[in-house]
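Student: Below: sequence and its predicted model.
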Amino acid sequence: MESGGRTLGDNMQETQQPGWTRLPTSGLVTDLYELTMMQGYRVFDRDRPAVFDMFFRSQPFGGGYSLFAGLWDLVDVLGQLHFSDADIAYLAELGMFRSDFLDSLGEFEFTGNLYAMPEGTTVFPGEPLIRIEAPLAQAQLIETLILNIVNFQSLIATKAARLYEASEGGTILEFGLRRAQGSDGGVS
């Protein structure tokens, strides 16, 4: 798939939809240790091909099922993930990173492949929801991003499905903007 001139893998599709609120695409949307690990792979020449699977161990709140959600937002973010000059300057100020590593971040793009369950699939513990095949540093960087997007959206989709099931097909009203994380909670 091509997105902004970048090949993202055979299993990804364009997901841009007019009017959707964009998620952050900065490479800094990660845990600091992901960046220190990336630098270590570079310094010790360990950035080999890697395969990571995302799965969960138990159903939240004792439920019988979960719904997989967040795939399209994840694909969209991966196609635009980058480090801006300001991101790199911030990391340089921390004094933890080598200049050659910081320089490499300016050219970062995700070149791996993503394979996933279809959006909205009923899923159970231990099943791989997402598989990432990528250079180790890239796969390491996006771990937090994957967990953040997919865990939250799957939790919300699962709760909505359970509410609908409990209503026996009745009308459900949700005032999510009052409780949701972020200003787009009422429309997302």
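Tutor: It's in. Residues are numbered from 1 along each chain as shown.

Student: Would you check how far apart the residue sitting nearest the centre point of the chain and residue 108 are?
Tutor: Closest to where the C-alpha atoms of the chain average out (Cα atoms, centre = their mean) is residue 146, at 2.7 Å. The gap separating residue 146 from residue 108 is 16 Å, by Cβ to Cβ, to the nearest Å. To be clear about C-beta, it is placed using only N, CA and C from the backbone, and glycine gets the same treatment.

Student: Tell me which residues touch the residue nearest to the residue nearest to the centre of the chain when sequence neighbours are not counted, please.
Tutor: Closest residue to residue 146 apart from its sequence neighbours, by Cβ to Cβ, 6 or more residues apart in numbering: residue 54 at 5.8 Å. Residues in contact with residue 54, defined by Cβ atoms under 8 Å, 6 or more residues apart in numbering, are 128-132, 146-147, 150.

Student: Would you mind naming the helix or strand containing residue 52?
Tutor: strand 49-54 (DSSP states H and E).

Student: and that strand, how far from the chain's centre?
Tutor: 14 Å (Cα atoms, centre = their mean, to the nearest Å).

Student: Beyond it, next helix or strand please.
Tutor: By DSSP H and E, the next helix or strand past strand 49-54 is strand 66-67.

Student: and that following strand, what does it pack onto?
Tutor: Here strand 66-67 touches strand 122-123, helix 136-166, going by 3 or more Cβ pairs under 8 Å, 6 or more residues apart in numbering; DSSP states H and E.

Student: List the contacts of it.
Tutor: For strand 66-67, using Cβ under 8 Å, 6+ apart, the contacting residues are 56, 59-60, 120-124, 154-155, 157-158, 161.

Student: on that earlier part again, what is the nearest of the contacts of residue 54 to residue 73?
Tutor: residue 150 (8.8 Å; Cβ to Cβ).

Student: Which residue, other than its chain neighbours, is closest to that closest one?
Tutor: In space, residue 150 is closest to residue 70, 4.2 Å off (Cβ to Cβ, 6+ apart).

Student: surely that neighbour meets residue 145?
Tutor: No. Residue 70 is beyond contact range of residue 145, at 10.4 Å (criterion: Cβ atoms under 8 Å).

Student: Please put the alpha-carbon coordinates of stretch 133-141 into CSV.
Tutor: Output of stretch 133-141 as CSV, limited to C-alpha atoms (Å, rounded to 0.1, in the frame of the first residue of the first chain):
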residue,chain,number,x,y,z
GLU,A,133,6.9,-8.1,10.7
ALA,A,134,9.5,-5.3,10.7
PRO,A,135,13.1,-4.4,11.5
LEU,A,136,13.4,-4.8,15.3
ALA,A,137,13.8,-1.1,16.0
GLN,A,138,10.7,-0.2,14.1
ALA,A,139,8.7,-3.0,15.8
GLN,A,140,10.0,-1.9,19.2
LEU,A,141,9.0,1.8,18.6
